[in-house]
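compute the structure for the input listed below.
(one chain, ligands or ions: 1)
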Amino acid sequence: MDTKHRPVEALSTEARLQAILRATKAGTWEWNPDSGEVLVNDQWWHMLGYYGRSGGAISFHEWERLCHPDDLKLAHHELAEHLARRSPDYNVTLRMEHAQGHWCWIHSRGMRIPESELLSKDIWVMGTHQDISHQMGLKHKLEKLADSVPGVVYTFTSSPEKPCRFTYISPTSEQFLGVAPADAIENPENVVKVVHPGDQDRVRRAVVDGVQALKSWQCDYRICLRGQSRWMRAMACPEVENSEAVAWHGMVVDIDDQKQLERELEHLSVTDELTGLYNRRYFMQRLDEALAESTRYQTPYALLSLDVDRFKVINDTLGHLAGDAALRLLAQVLGRRARRTDLVARVGGEEFVLLMPQTGLQDAEALAEQVRQLVEQTPFELQDGQRIRLTLSGGVVSWQGAVADTSKILGLCDRLLYRAKSQGRNQVLVARI
Ligand SMILES: Nc1nc2c(ncn2[C@@H]2O[C@H](COP(=O)(O)OP(=O)(O)OP(=O)(O)O)[C@@H](O)[C@H]2O)c(=O)[nH]1
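Predicted coordinates for the structure are as follows:
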């Protein structure tokens, strides 16, 4: 065999081991549980800042004294488990006191030497110490950062073979989702469980679609938390770890205030400020939808358009504020007369409409007449005690099935209204398309 390329063989096993230990800066320990004797190397001491001390024997109690009392219990437990052969090795992360007084994070690993390899009947457990203070410091900073974010930070792993699972979820999941991090890590369904039942399928689909497309995804959904429903936004972006697994790094943030604002804006954008009824914009939108519905399903529809007669006189004699109050009272009358499925809107200064699904011409005319008579017979009492009388002119159009476009309906309604005005007002005229 060509030994030219294998100079390492020129070294003894001992020298090679020492070289590896020097390079990895690993401290070593050997422990005899019966005698309590512990042997450590130089690096074991140097790691803790004791540069003057060299390797040799120490007592088990000396090791215990250097360990953080809060971590000692776990270390004892893990050692006992390994000695009782309930765990294949000893593996703990614990804090040990540095010569300068601060705590170092030490990753301690070891294993019992098989009896077959020992000359005596003694038990020996041997292992290494690695200083992982730097990594633990970074982890601590990351956790602090995750804590300060107004939401939940997480990483979950997807793989074709195994189900998705959280590998990290910030402690804030308790506050924002009502789920303890340990429960989320144990089973991701615990996080899905708090999603509003009406949104669960959508959230699951968003995750599955994102995983399949391997693209960043985002999903807004409600959660049920402490008896209340709140809007959240989850987002994640993928990082391919290897051919087997993808890590998804993401956040869940509370967007309930934003959604509330959106709802208010949405409401404002469809509402008539003076009367609180729907406005013209919303009415036109719904009329479009009504046309599509009647075309597709042959739904009978009727539209009633009402205009206050000689309203200018009310404004001119009683003032604009009184006119406003009259319009508000009229809106209340219309709102009360309409069915829940009807749409009532103020579409112009003193012009109102009622869009009625599942309504034929006769029924619509009867309702229009009722409203006209009610308004004619009931004086409106304004806040200052003044009473005013109004009359209405109206046009009713009904249709069933396909209609070319909304202008056909609106145009006919306008013509009926105009005729009602010109024929003396205080009347309703009807037509079928
Ligand atoms: N108070 C008040 N008046 C309004 C509002 N919008 C429109 N008007 C008034 O409504 C009146 C409408 O007058 P016209 O279109 O001449 O109609 P009219 O006086 O009702 O007469 P006819 O419709 O022909 O019976 C005008 O005086 C407008 O200023 C409003 O929001 N508040």
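
now do residue 325 against the ligand, distance only.
8 Å (Cβ to the nearest ligand atom, to the nearest Å). Every residue, glycine included, has its C-beta placed from N, CA and C.

pLDDT weak spots in the chain?
The model of the chain has pLDDT under 70 over residues 1-8.

give me that answer again for 50
Within the chain, the segments meeting pLDDT under 50 span 1, 3.

mind giving me the domain ranges of it?
For the chain, automatic domain parsing gives the domain ranges 7-132, 149-260, 271-432.

off-centre distance for the longest strand along the chain?
Scanning the chain for the longest strand, with DSSP state E as the assignment, gives strand 228-240. The chain centre lies 4 Å from the centre of strand 228-240; the measure is Cα atoms, centre = their mean, to the nearest Å.

residues of it that come out buried?
By 16 or more other Cβ atoms under 10 Å, the buried positions in strand 228-240 come out as 230, 231, 232, 233, 234, 235, 236, 238.

relative to residue 39, which of the residues you listed is nearest.
residue 238 (48.5 Å; Cβ to Cβ).

one step back: would you tell me which of the domains of the chain gets closest to residue 138?
Nearest of these (Cβ to Cβ): domain 7-132, 10.0 Å.

which elements pack onto the helix or strand just after the longest strand of the chain?
Using DSSP states H and E, the helix or strand that follows strand 228-240 towards the C-terminus is strand 246-254. The contact analysis (3 or more Cβ pairs under 8 Å, 6 or more residues apart in numbering; DSSP states H and E) places strand 246-254 against strand 151-158, helix 173-177, helix 200-213, strand 228-240.

so for residue 322, which of these sits nearest?
Nearest of these (Cβ to Cβ): strand 228-240, 43.0 Å.

tell me what that closest one is packed against?
Here strand 228-240 touches helix 200-213, strand 217-225, strand 246-254, helix 256-270, going by 3+ Cβ pairs under 8 Å, 6+ apart.

nearest to residue 84, of the ones you listed?
Closest approach to residue 84 among these (Cβ to Cβ): strand 246-254, 36.3 Å.

from the buried residues of strand 228-240, pick the one nearest the ligand.
Of all those, residue 231 has the smallest distance to the ligand: 35.6 Å, by Cβ to the nearest ligand atom.

for that closest one, give its distance to residue 407.
Distance check for residue 231 against residue 407: by Cβ to Cβ, to the nearest Å, it reads 39 Å.

ok, back up a step: so which of the helices and strands packed on strand 246-254 is nearest residue 296?
Among the helices and strands packed on strand 246-254, the nearest to residue 296 by Cβ to Cβ is helix 200-213 (26.0 Å).

neighbours of residue 203, how many?
20 (other Cβ atoms under 10 Å).

ok, residue 222 next?
19.

who's in contact with the nearest residue to it once chain neighbours are set aside?
If the residues on either side of it in the chain are set aside, residue 222 comes closest to residue 196, at 3.8 Å by Cβ to Cβ, 6 or more residues apart in numbering. The contact partners of residue 196, by Cβ atoms under 8 Å, 6 or more residues apart in numbering, come to 221, 222, 223, 224, 229.

gap between the residue lying closest to the third one once chain neighbours are set aside and the ligand?
Spelled out, that is residue 223. In space, and not counting its chain neighbours, residue 223 is closest to residue 194: 4.9 Å by Cβ to Cβ, 6+ apart. For residue 194, the distance to the ligand equals 48 Å [Cβ to the nearest ligand atom].

just checking, residue 194 touches residue 177?
Yes. Assessed by Cβ atoms under 8 Å, residue 194 is found in contact with residue 177 at 5.6 Å.

just checking, residue 363 touches residue 300?
No. Assessed by Cβ under 8 Å, residue 363 is found out of contact with residue 300, at 9.1 Å.

overlap of the contact sets of the two?
The contact sets of residue 363 and residue 300 do not overlap (Cβ under 8 Å, 6+ apart).

residues touching the nearest residue to residue 387 once chain neighbours are set aside, list them.
Distance criterion Cβ to Cβ, 6+ apart; nearest residue to residue 387, sequence neighbours excluded, is residue 379 at 4.3 Å. Residues near residue 379 by Cβ under 8 Å, 6+ apart: 387, 388, 389.

OK, contacts around the first one?
Pointing back at residue 387 there. 379, 380, 381.

and which of the residues you listed is nearest residue 354?
The shortest approach to residue 354 among the contacts of residue 387 belongs to residue 380, at 18.9 Å (Cβ to Cβ).

look up how far residue 344 lies from the closest one.
Applying Cβ to Cβ, the value for residue 380 to residue 344 is 17 Å.

follow-up on the earlier one: to the ligand, which of the helices and strands packed on strand 228-240 lies closest?
Of all the helices and strands packed on strand 228-240, helix 256-270 sits nearest to the ligand, with 17.2 Å by Cβ to the nearest ligand atom.

buried set for the helix or strand just after the closest one?
Next in sequence after helix 256-270, counting helices and strands by DSSP H and E, comes helix 280-297. Neighbour-count burial for helix 280-297, counted by 16+ other Cβ under 10 Å, picks out 282, 283, 286, 287, 290, 291, 294.

so how far is residue 362 from the fifth one?
In this case it means residue 290. For residue 290 relative to residue 362 (Cβ to Cβ), the value is 19 Å.

which bits of this structure sit near the ligand?
Residues of the chain that fall close to the ligand, judged by Cβ under 6 Å from any ligand atom: 274, 307-312, 315, 320, 323-324, 327, 349-350, 421, 425.

now which of those would you call buried?
Neighbour-count burial within the residues of the chain next to the ligand applies to 307, 308, 309, 311, 315, 323, 327, 350, 421; the criterion is 16+ other Cβ under 10 Å.

who's residue 394 bridged to?
Beta-bridge pairing of residue 394 under DSSP bridges involves residue 306, residue 428.

same question for residue 300.
Counting by DSSP bridges, residue 300 is bridged to residue 400.

burial measure for it, as a count.
Neighbours around residue 300, by other Cβ under 10 Å: 17.

and for residue 157?
Neighbours of residue 157 under the rule other Cβ under 10 Å: 17.

what's the answer for residue 398, then?
Neighbour count of residue 398, defined by other Cβ under 10 Å: 22.

contact partners for residue 192?
200, 203, 204.

OK, contacts around the last one?
Shown in contact with residue 204 (Cβ under 8 Å, 6+ apart): residue 192.

of the buried ones among the residues of the chain next to the ligand, which belong to helices?
Counted as lying in helices by DSSP state H, out of those, are 311, 315, 323, 327, 421.
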